[in-house]
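> how would this look folded up:
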Amino acid sequence: MVLSVEKLTKQYGNKIAVDRLNVEFGTGVYGLLGANGAGKTTLMRMICGILTPTSGEVKLDGVNNLDMGEAFREQLGYLPQDFGYYPDFKAREFMLYIAALKGLTPIQGKERADELIEMVGLKDVANKKIKTFSGGMKQRLGIAQAMINNPRILVLDEPTAGLDPKERVRFRNLLSDFASNRLVILSTHIVSDVEYIADEILVMKNGTLIAEGTVMELVGSISDKVWKVVTDRESADVLCSQYNIVNLRHVEDNVELRIVSDDAPMDIAEHAAPTLEDLYMYEFKEQVR
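The predicted structure is shown next:
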(Lines give C-alpha, C1' and ligand atoms only; values in the text may rest on other atoms or scores of the structure.)
Protein backbone atom coordinates (compact mmCIF):
# COMPACT_ATOMS: atom_id res chain seq x y z
CA MET A 1 0.00 0.00 0.00
CA VAL A 2 1.26 3.45 -0.97
CA LEU A 3 -0.50 6.71 -0.13
CA SER A 4 1.07 9.53 -2.09
CA VAL A 5 0.61 13.28 -1.78
CA GLU A 6 1.57 15.04 -4.99
CA LYS A 7 2.06 18.83 -5.25
CA LEU A 8 -0.81 19.23 -2.80
CA THR A 9 -1.92 22.82 -2.27
CA LYS A 10 -4.76 24.44 -0.34
CA GLN A 11 -5.27 28.17 -0.56
CA TYR A 12 -7.82 30.36 1.22
CA GLY A 13 -7.82 33.75 -0.46
CA ASN A 14 -4.29 35.09 -0.11
CA LYS A 15 -3.37 32.54 2.57
CA ILE A 16 -1.67 29.32 1.52
CA ALA A 17 -2.34 26.67 4.17
CA VAL A 18 -0.55 23.83 2.36
CA ASP A 19 2.00 24.70 -0.29
CA ARG A 20 2.83 22.21 -3.11
CA LEU A 21 3.55 19.42 -0.67
CA ASN A 22 4.97 16.09 -1.81
CA VAL A 23 5.25 13.03 0.45
CA GLU A 24 4.81 9.28 0.19
CA PHE A 25 3.48 7.06 2.97
CA GLY A 26 3.83 3.29 3.30
CA THR A 27 2.83 1.10 6.23
CA GLY A 28 3.89 2.12 9.75
CA VAL A 29 3.42 5.15 12.00
CA TYR A 30 4.13 8.60 10.61
CA GLY A 31 4.27 11.47 13.06
CA LEU A 32 3.29 14.86 11.66
CA LEU A 33 4.91 17.42 13.94
CA GLY A 34 4.42 21.17 13.85
CA ALA A 35 3.19 24.22 15.71
CA ASN A 36 -0.45 25.26 15.65
CA GLY A 37 -1.19 26.82 12.26
CA ALA A 38 1.50 24.85 10.43
CA GLY A 39 -1.07 23.29 8.07
CA LYS A 40 -1.27 19.83 9.66
CA THR A 41 -5.06 19.71 9.99
CA THR A 42 -5.61 21.04 6.47
CA LEU A 43 -3.27 18.38 5.09
CA MET A 44 -5.01 15.60 7.00
CA ARG A 45 -8.47 16.75 5.91
CA MET A 46 -7.34 16.64 2.28
CA ILE A 47 -5.83 13.18 2.79
CA CYS A 48 -9.20 12.03 4.17
CA GLY A 49 -11.11 13.58 1.26
CA ILE A 50 -12.97 16.06 3.48
CA LEU A 51 -11.33 19.07 1.83
CA THR A 52 -10.83 19.44 -1.91
CA PRO A 53 -7.30 20.63 -2.78
CA THR A 54 -6.79 23.88 -4.66
CA SER A 55 -4.33 21.89 -6.76
CA GLY A 56 -2.43 18.61 -6.59
CA GLU A 57 -3.88 15.31 -5.43
CA VAL A 58 -3.83 12.44 -2.95
CA LYS A 59 -3.54 8.93 -4.40
CA LEU A 60 -3.94 5.48 -2.89
CA ASP A 61 -1.98 2.95 -4.92
CA GLY A 62 -2.03 5.36 -7.85
CA VAL A 63 -5.75 6.22 -7.76
CA ASN A 64 -7.05 9.67 -6.72
CA ASN A 65 -8.77 9.50 -3.30
CA LEU A 66 -11.65 11.72 -4.39
CA ASP A 67 -12.28 9.62 -7.48
CA MET A 68 -12.34 6.47 -5.31
CA GLY A 69 -15.16 7.90 -3.19
CA GLU A 70 -16.74 5.29 -0.92
CA ALA A 71 -14.06 2.72 -1.80
CA PHE A 72 -11.49 5.03 -0.20
CA ARG A 73 -13.61 5.87 2.84
CA GLU A 74 -14.15 2.18 3.57
CA GLN A 75 -10.42 1.84 4.15
CA LEU A 76 -10.15 4.99 6.29
CA GLY A 77 -10.43 5.73 10.00
CA TYR A 78 -10.35 9.37 11.10
CA LEU A 79 -10.29 11.22 14.39
CA PRO A 80 -10.55 15.02 13.98
CA GLN A 81 -9.45 17.44 16.68
CA ASP A 82 -13.07 17.83 17.83
CA PHE A 83 -14.94 14.68 16.90
CA GLY A 84 -18.72 14.81 16.85
CA TYR A 85 -20.80 12.68 19.20
CA TYR A 86 -24.33 12.57 20.56
CA PRO A 87 -24.12 13.44 24.28
CA ASP A 88 -27.21 11.41 25.22
CA PHE A 89 -25.87 8.28 23.54
CA LYS A 90 -24.27 5.69 25.75
CA ALA A 91 -20.71 4.75 24.75
CA ARG A 92 -21.67 1.31 23.41
CA GLU A 93 -24.69 2.73 21.55
CA PHE A 94 -22.46 5.32 19.91
CA MET A 95 -19.94 2.68 18.82
CA LEU A 96 -22.73 0.52 17.35
CA TYR A 97 -24.06 3.58 15.52
CA ILE A 98 -20.63 4.31 13.98
CA ALA A 99 -20.25 0.62 13.11
CA ALA A 100 -23.55 0.74 11.20
CA LEU A 101 -22.47 3.89 9.35
CA LYS A 102 -19.27 2.09 8.36
CA GLY A 103 -21.24 -0.83 6.94
CA LEU A 104 -20.53 -3.48 9.58
CA THR A 105 -23.23 -6.09 10.21
CA PRO A 106 -24.91 -6.00 13.66
CA ILE A 107 -22.88 -9.00 14.80
CA GLN A 108 -19.61 -7.55 13.49
CA GLY A 109 -20.45 -4.18 15.00
CA LYS A 110 -21.15 -5.59 18.45
CA GLU A 111 -17.98 -7.70 18.49
CA ARG A 112 -15.80 -4.84 17.28
CA ALA A 113 -17.42 -2.27 19.60
CA ASP A 114 -16.95 -4.44 22.68
CA GLU A 115 -13.36 -5.24 21.71
CA LEU A 116 -12.42 -1.58 21.23
CA ILE A 117 -14.29 -0.32 24.29
CA GLU A 118 -12.25 -2.72 26.41
CA MET A 119 -9.07 -1.86 24.52
CA VAL A 120 -9.35 1.86 25.33
CA GLY A 121 -10.31 1.21 28.96
CA LEU A 122 -14.00 2.18 28.83
CA LYS A 123 -15.58 -1.20 29.59
CA ASP A 124 -16.80 -0.12 33.05
CA VAL A 125 -18.60 2.94 31.61
CA ALA A 126 -19.79 1.44 28.31
CA ASN A 127 -23.45 1.88 29.32
CA LYS A 128 -23.09 5.43 30.61
CA LYS A 129 -24.02 8.51 28.59
CA ILE A 130 -21.16 10.26 26.82
CA LYS A 131 -22.16 13.62 28.34
CA THR A 132 -21.06 12.27 31.75
CA PHE A 133 -17.55 11.46 30.47
CA SER A 134 -14.42 13.44 31.25
CA GLY A 135 -12.46 14.99 28.39
CA GLY A 136 -9.97 12.12 28.43
CA MET A 137 -12.73 9.50 28.33
CA LYS A 138 -14.38 11.22 25.36
CA GLN A 139 -11.04 11.30 23.57
CA ARG A 140 -10.54 7.56 24.18
CA LEU A 141 -13.99 6.95 22.73
CA GLY A 142 -12.99 9.05 19.72
CA ILE A 143 -9.91 6.88 19.19
CA ALA A 144 -12.06 3.75 19.42
CA GLN A 145 -14.63 4.97 16.87
CA ALA A 146 -11.85 5.80 14.40
CA MET A 147 -10.74 2.15 14.52
CA ILE A 148 -14.19 0.54 14.36
CA ASN A 149 -13.91 -0.60 10.73
CA ASN A 150 -10.37 -1.96 11.17
CA PRO A 151 -9.08 0.58 8.62
CA ARG A 152 -5.97 0.21 6.45
CA ILE A 153 -5.37 3.95 6.89
CA LEU A 154 -5.83 5.60 10.30
CA VAL A 155 -5.58 9.40 10.49
CA LEU A 156 -5.49 10.97 13.95
CA ASP A 157 -5.45 14.74 14.53
CA GLU A 158 -4.18 15.66 18.01
CA PRO A 159 -5.47 12.35 19.45
CA THR A 160 -3.94 12.66 22.92
CA ALA A 161 -5.49 16.05 23.76
CA GLY A 162 -7.01 15.69 27.22
CA LEU A 163 -5.35 12.37 28.02
CA ASP A 164 -3.37 11.98 31.22
CA PRO A 165 0.14 10.44 31.10
CA LYS A 166 -1.12 6.91 31.82
CA GLU A 167 -3.77 7.18 29.09
CA ARG A 168 -1.18 8.47 26.62
CA VAL A 169 1.07 5.48 27.28
CA ARG A 170 -1.92 3.16 26.76
CA PHE A 171 -2.70 4.96 23.50
CA ARG A 172 0.88 4.70 22.21
CA ASN A 173 0.99 0.97 22.91
CA LEU A 174 -2.39 0.47 21.24
CA LEU A 175 -1.28 2.38 18.18
CA SER A 176 2.00 0.50 17.86
CA ASP A 177 0.15 -2.84 17.83
CA PHE A 178 -2.47 -1.58 15.39
CA ALA A 179 0.07 -0.21 12.89
CA SER A 180 1.96 -3.45 12.27
CA ASN A 181 0.58 -3.79 8.72
CA ARG A 182 -1.32 -0.53 8.30
CA LEU A 183 -0.66 3.16 7.76
CA VAL A 184 -1.13 5.49 10.73
CA ILE A 185 -0.70 9.26 10.38
CA LEU A 186 -0.58 11.00 13.73
CA SER A 187 -0.62 14.79 13.88
CA THR A 188 0.50 16.55 17.04
CA HIS A 189 2.53 19.34 18.56
CA ILE A 190 3.25 17.17 21.62
CA VAL A 191 6.70 15.75 20.92
CA SER A 192 6.50 12.70 23.20
CA ASP A 193 3.40 11.46 21.33
CA VAL A 194 5.53 10.60 18.31
CA GLU A 195 9.04 10.28 19.74
CA TYR A 196 8.61 6.68 20.92
CA ILE A 197 6.33 5.16 18.29
CA ALA A 198 6.80 6.93 14.95
CA ASP A 199 8.76 5.08 12.28
CA GLU A 200 9.18 8.39 10.49
CA ILE A 201 8.55 11.99 11.47
CA LEU A 202 7.51 14.79 9.15
CA VAL A 203 8.12 18.31 10.44
CA MET A 204 5.69 20.82 8.96
CA LYS A 205 5.98 24.60 9.01
CA ASN A 206 4.04 27.26 7.10
CA GLY A 207 2.37 24.65 4.92
CA THR A 208 5.54 22.88 3.80
CA LEU A 209 7.69 20.01 5.02
CA ILE A 210 10.97 21.33 6.40
CA ALA A 211 12.38 18.01 7.66
CA GLU A 212 11.64 14.31 7.28
CA GLY A 213 13.26 11.20 8.76
CA THR A 214 13.59 8.96 11.79
CA VAL A 215 14.01 10.45 15.25
CA MET A 216 17.70 9.60 15.16
CA GLU A 217 18.18 11.25 11.77
CA LEU A 218 16.32 14.40 12.77
CA VAL A 219 18.02 14.93 16.11
CA GLY A 220 21.37 14.21 14.46
CA SER A 221 20.85 17.31 12.32
CA ILE A 222 21.15 19.52 15.43
CA SER A 223 23.84 17.55 17.26
CA ASP A 224 26.07 20.64 17.44
CA LYS A 225 23.32 23.10 18.39
CA VAL A 226 22.27 21.94 21.87
CA TRP A 227 24.10 23.38 24.86
CA LYS A 228 24.18 23.02 28.62
CA VAL A 229 25.16 26.02 30.71
CA VAL A 230 25.48 26.26 34.48
CA THR A 231 25.85 29.86 35.60
CA ASP A 232 24.74 32.43 38.18
CA ARG A 233 21.23 33.82 38.19
CA GLU A 234 22.15 37.22 36.77
CA SER A 235 23.90 35.68 33.77
CA ALA A 236 21.02 33.22 33.36
CA ASP A 237 18.55 36.11 33.10
CA VAL A 238 20.64 37.65 30.32
CA LEU A 239 20.83 34.32 28.44
CA CYS A 240 17.06 33.82 28.77
CA SER A 241 16.47 37.16 27.08
CA GLN A 242 18.83 36.35 24.20
CA TYR A 243 18.54 32.63 23.49
CA ASN A 244 16.03 29.87 22.91
CA ILE A 245 15.77 28.11 26.29
CA VAL A 246 14.53 24.52 26.27
CA ASN A 247 14.80 23.97 30.00
CA LEU A 248 15.74 25.93 33.12
CA ARG A 249 16.55 24.35 36.47
CA HIS A 250 17.83 25.88 39.71
CA VAL A 251 20.80 24.03 41.21
CA GLU A 252 21.63 25.42 44.65
CA ASP A 253 22.83 29.00 43.98
CA ASN A 254 23.22 28.51 40.23
CA VAL A 255 20.94 27.99 37.27
CA GLU A 256 21.28 25.16 34.74
CA LEU A 257 20.06 26.04 31.26
CA ARG A 258 19.47 23.90 28.21
CA ILE A 259 19.80 26.06 25.11
CA VAL A 260 19.41 25.46 21.38
CA SER A 261 21.59 27.79 19.37
CA ASP A 262 23.82 27.74 16.30
CA ASP A 263 26.66 29.16 18.38
CA ALA A 264 27.88 28.56 21.93
CA PRO A 265 26.02 30.99 24.21
CA MET A 266 28.98 31.24 26.64
CA ASP A 267 32.58 30.08 26.84
CA ILE A 268 31.58 27.65 29.58
CA ALA A 269 28.78 26.08 27.49
CA GLU A 270 29.02 22.33 26.89
CA HIS A 271 27.39 20.29 24.13
CA ALA A 272 24.40 18.19 25.22
CA ALA A 273 22.87 15.15 23.49
CA PRO A 274 19.97 16.42 21.33
CA THR A 275 16.36 15.26 21.62
CA LEU A 276 13.30 15.65 19.41
CA GLU A 277 12.07 18.38 21.74
CA ASP A 278 15.29 20.30 21.08
CA LEU A 279 14.66 19.99 17.34
CA TYR A 280 11.12 21.30 17.77
CA MET A 281 12.37 24.27 19.79
CA TYR A 282 15.05 24.96 17.19
CA GLU A 283 12.71 24.85 14.19
CA PHE A 284 9.85 26.74 15.85
CA LYS A 285 11.82 29.19 17.95
CA GLU A 286 9.80 32.18 16.74
CA GLN A 287 6.60 30.55 18.05
CA VAL A 288 7.95 29.52 21.45
CA ARG A 289 10.02 32.50 22.52
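> how about the secondary structure of the residue nearest the centre of the chain?
In the chain, the residue lying closest to the centroid (C-alpha atoms, centre = their mean) is residue 187, at 2.3 Å. Under DSSP: H, G, I helix; E, B strand; the rest coil, residue 187 falls in the strand class.
> surely residue 196 touches residue 169?
No. Counting by C-beta atoms under 8 Å, residue 196 stays clear of residue 169, with 9.1 Å between them. The way it works is simple: take the backbone N, C-alpha and C, and place the C-beta from them, glycine included.
> overlap in contacts, these two.
Common neighbours of residue 196 and residue 169, counting by C-beta atoms under 8 Å, 6 or more residues apart in numbering, are absent.
> which residues touch residue 192?
Residue 192 touches 168, 277, counting by C-beta under 8 Å, 6+ apart.
> quick check, it in a helix?
Yes. Judged by three-state DSSP, residue 192 forms part of a helix.
> distance check, it against residue 229.
For residue 192, the distance to residue 229 (C-beta to C-beta, to the nearest Å) stands at 24 Å.
> I'd guessed the residue nearest to the centre of the chain sits against residue 161; true?
No. Assessed by C-beta under 8 Å, residue 187 is found out of contact with residue 161, at 10.9 Å.
> okay, now the domains of the protein?
3-213, 224-273 (automatic domain parsing).
> and among these, the most buried is which?
Highest mean neighbour count of these: domain 3-213, a mean of 18 (counted as mean count of other C-beta atoms under 10 Å).
> quick one: mean pLDDT over that one.
For domain 3-213, mean pLDDT is 93.
> off-centre distance for it?
Computed by C-alpha atoms, centre = their mean, to the nearest Å, the chain-centroid distance of domain 3-213 equals 9 Å.
> make a markdown table out of the domains of the chain and add distance to residue 284.
Converted to a markdown table, the domains of the chain look like this (distance: least, C-beta to C-beta, whole Å):
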| stretch | distance to residue 284 |
| --- | --- |
| domain 3-213 | 5 |
| domain 224-273 | 9 |
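> phi, psi for residue 182 please.
Phi and psi for residue 182, reported as degrees, to the nearest 10, are phi -130, psi 170.
> contacting residues around the nearest residue to it once chain neighbours are set aside?
Once flanking residues are discounted, residue 182 sits nearest to residue 152: 5.4 Å by C-beta to C-beta, 6 or more residues apart in numbering. Applying C-beta under 8 Å, 6+ apart, one finds that residue 152 lies in contact with 1, 75-76, 182-183.
> quick check, nearest of the residues you listed to residue 279?
Ranked by distance to residue 279 (C-beta to C-beta), the contacts of residue 152 are led by residue 183 at 23.6 Å.
> beta partners for the closest one?
Beta-bridge pairing for residue 183 (DSSP bridges): residue 28, residue 153.
> from residue 63, how far out is the nearest residue to residue 61 once chain neighbours are set aside?
Nearest residue to residue 61 in three dimensions, chain neighbours excluded: residue 2, at 5.8 Å (C-beta to C-beta, 6+ apart). Computed with C-beta to C-beta, the distance linking residue 2 and residue 63 is 11 Å.
> common neighbours of the two, please.
Common contacts of residue 2 and residue 63 (C-beta under 8 Å, 6+ apart): none found.
> now do residue 285 against residue 223, distance only.
Distance of residue 285 to residue 223, given as C-beta to C-beta: 17 Å.
> typo on my end, residue 121
39 Å.
> show me what contacts residue 77?
Each residue near residue 77 by C-beta under 8 Å, 6+ apart is listed here: 146-149, 151, 153-155.
> what do you get if the cut-off is 7 Å, keeping everything else the same?
146-147, 149, 151, 154 (C-beta atoms under 7 Å, 6 or more residues apart in numbering).
> nearest spatial neighbour of residue 273, skipping sequence neighbours?
residue 226 (7.3 Å).
> quick check: the gap between the one you found and residue 254.
Distance of residue 226 to residue 254, computed by C-beta to C-beta: 19 Å.
> ditto for residue 123
In terms of C-beta to C-beta, residue 123 sits 51 Å off from residue 254.
> and what of residue 12?
To residue 254, residue 12 is 49 Å away according to C-beta to C-beta.
> go on, residue 34?
Shown here: residue 34 relative to residue 254, a distance of 35 Å by C-beta to C-beta.
> quick one: contacts for the residue lying closest to residue 91 once chain neighbours are set aside?
Distances taken as C-beta to C-beta, 6+ apart place residue 126 nearest to residue 91, at 5.0 Å, with adjacent residues excluded. Going by C-beta under 7 Å, 6+ apart, residue 126 touches 91-92, 117.
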